[in-house]
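>>> Mind looking at a prediction? Sequence and model below.
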Amino acid sequence: MDSPTEPGKKKTIVEIYPNIYQIFGRNRSAHAYLIRGLHKNVLIDSCLPDACDHVVACLSEIELSPEDIDLVLLTHEHIDHAGCAPFFGRHALLAAHRLAANKLTMRDEFAMMNKAFGSVTDEFHLDIFLSEGVSINLGNYELHVIHTPGHCSGAVCFYEPNHRLLFTGDVVMAEGMVGGVLQSGNISDYVYSLKRLASFKVDHLYPGHGKISAHAESDIAKGIDRLETLLEESKLLFQVVQNSQHGFDQIVRSLRDLNR
Ligand SMILES: [Fe+2]
């Protein structure tokens, strides 16, 4: 099996596991993953909106056209992951956790982070709302939805129990990198989500950014350490703000005033 990170490799779509391909994200885009099921083809995430041509070119390398994609599963609502979903949605079903789907269909660009990526998106129509416990049977692979809020409220991971694979989006990456606590996210939820992931048996971790990893257990443990540190630091920051001459209430009032 090829490695997508092997030095000198120019390929941007690589088979990383039998019938599972990584489409390497370029220019700040997240990676997408293509799974050739026995009956249906599934794309996990879809790259930035301006990367649709790149995704189509990658698919053509393995003799697939956009019409061959049956289902797009989104790990969360951020535009570097969901950007090309409307393009594939002309033919494929689009699925995301209800809390991510809500933001996409309402074009909540603050939550989707369009501005951060300088992206404009088409309208989203989500066909399927995912939730914890849903499983998708592709014949050769079975994907279980694990709701993992923290990076944002609607983040999910897809777990394949028979082959011990975990598609994580931005929840946790190689070396325990985490996607940060953004817009609808929460540090405590994030810690809890990673502690849940630590209870799954995982051999291969397929993240939305960076390298794939064969050290999921230590990656997740490092991620928990990072987030617990962040939680402690945020408590200290909260105390400092509370004890400052301005006081927390005044800062909250100022933030409220911004909206007037
Ligand atoms: Fe994200």
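It's in. Because the structure is a prediction, the values reported are computed rather than measured. Numbers count the residues shown, from 1 in each chain.
>>> Report the beta-bridge partners for the residue nearest the centre of the chain.
Per CA atoms, centre = their mean, the C-alpha nearest to the average position across the chain is that of G169, at 2.5 Å. For G169, the residues forming beta bridges with it (DSSP bridges) are P207.
>>> Would you check how far apart it and the ion are?
Taken as CB to the ion, to the nearest Å, the spacing of G169 relative to the ion amounts to 7 Å. In short, each C-beta sits where N, CA and C put it, glycine included.
>>> how about the strands in the stretch 151-260 of the chain?
Listed in chain order, the strands found in the stretch 151-260 of the chain under DSSP state E, counting those that start in this stretch are 156-160, 165-169, 204-207.
>>> what's L138 in contact with, if anything?
Contacts for L138 were tallied using CB atoms under 8 Å, 6 or more residues apart in numbering; they are I35, G37, L38, H39, K40, V42.
>>> redo that, cut-off 6 Å
G37 (CB atoms under 6 Å, 6 or more residues apart in numbering).
>>> do R226 as well
Contact criterion CB under 6 Å, 6+ apart gives G176, V178 as the residues in contact with R226.
>>> Return the per-residue confidence for it.
Turning to R226, the model gives it a pLDDT of 95.
>>> Burial check on the residue nearest to A214 when sequence neighbours are not counted, number of neighbours?
Once its chain neighbours are removed from consideration, A214 has its nearest residue in H204; the separation is 5.9 Å (CB to CB, 6 or more residues apart in numbering). Applying other CB atoms under 10 Å, we find 18 other residues in the vicinity of H204.
>>> Check E67 too.
Applying other CB under 10 Å, we find 10 other residues in the vicinity of E67.
>>> what ranges of the protein fall below the confidence cut-off?
Scanning the chain for pLDDT under 70 picks out 1-11, 245-260.
>>> mind checking the longest helix of it?
Counting by DSSP state H, the longest helix found in the chain is helix 216-243.
>>> what kind of secondary structure is the residue nearest to Q183 when sequence neighbours are not counted in?
Spatial nearest neighbour of Q183, excluding adjacent residues (CB to CB, 6+ apart): A111 at 4.8 Å. At A111 the chain is in helix, as set by DSSP: H, G, I helix; E, B strand; the rest coil.
>>> so what's A111 up against?
Residues in contact with A111 (CB under 6 Å, 6+ apart) are E77, K103, Q183, S184.
>>> what's the burial count for the residue lying closest to F24 once chain neighbours are set aside?
Counting by CB to CB, 6+ apart, F24 lies nearest to T12, which is 4.5 Å off, once chain neighbours are set aside. Residue crowding around T12 was assessed by other CB under 10 Å; the count is 17.
>>> Then L230?
Applying other CB under 10 Å, I find that L230 has 16 neighbouring residues.
>>> Would you quantify the distance from it to the ion?
Applying CB to the ion, the value for L230 to the ion is 16 Å.
>>> Give the full set of residues in contact with that residue.
The contact partners of L230, taken as CB under 6 Å, 6+ apart, are I187.
>>> how about 8 Å then?
Counting by CB under 8 Å, 6+ apart, L230 touches V181, I187.
>>> What parts of this protein come near the ion?
H78, D170, G179 (CB under 5 Å from the ion).
>>> hmm, who's touching stretch 12-25?
By CB under 8 Å, 6+ apart, the surrounding residues in contact with stretch 12-25 are 1-4, 26, 31-37, 47-48, 51, 54-55, 58-59, 61-62, 80, 140-141, 163, 165, 204, 206, 208-209, 212.
>>> Quick one: end-to-end distance for stretch 98-112.
According to CA to CA, to the nearest Å, stretch 98-112 extends 14 Å from its N-terminal end residue to its C-terminal end residue.
>>> Could you give me the buried positions within that stretch?
Neighbour counts over stretch 98-112 (16 or more other CB atoms under 10 Å) mark L99, A100, A101, N102, K103, L104, A111, M112 as buried.
>>> Those into CSV, with extra columns for secondary structure and distance to R226?
As requested, the buried residues of stretch 98-112 are exported to CSV (DSSP: H, G, I helix; E, B strand; the rest coil; distance: CB to CB, whole Å):
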residue, secondary structure, distance to R226
L99, helix, 23
A100, helix, 23
A101, helix, 28
N102, helix, 28
K103, helix, 25
L104, helix, 28
A111, helix, 23
M112, helix, 25
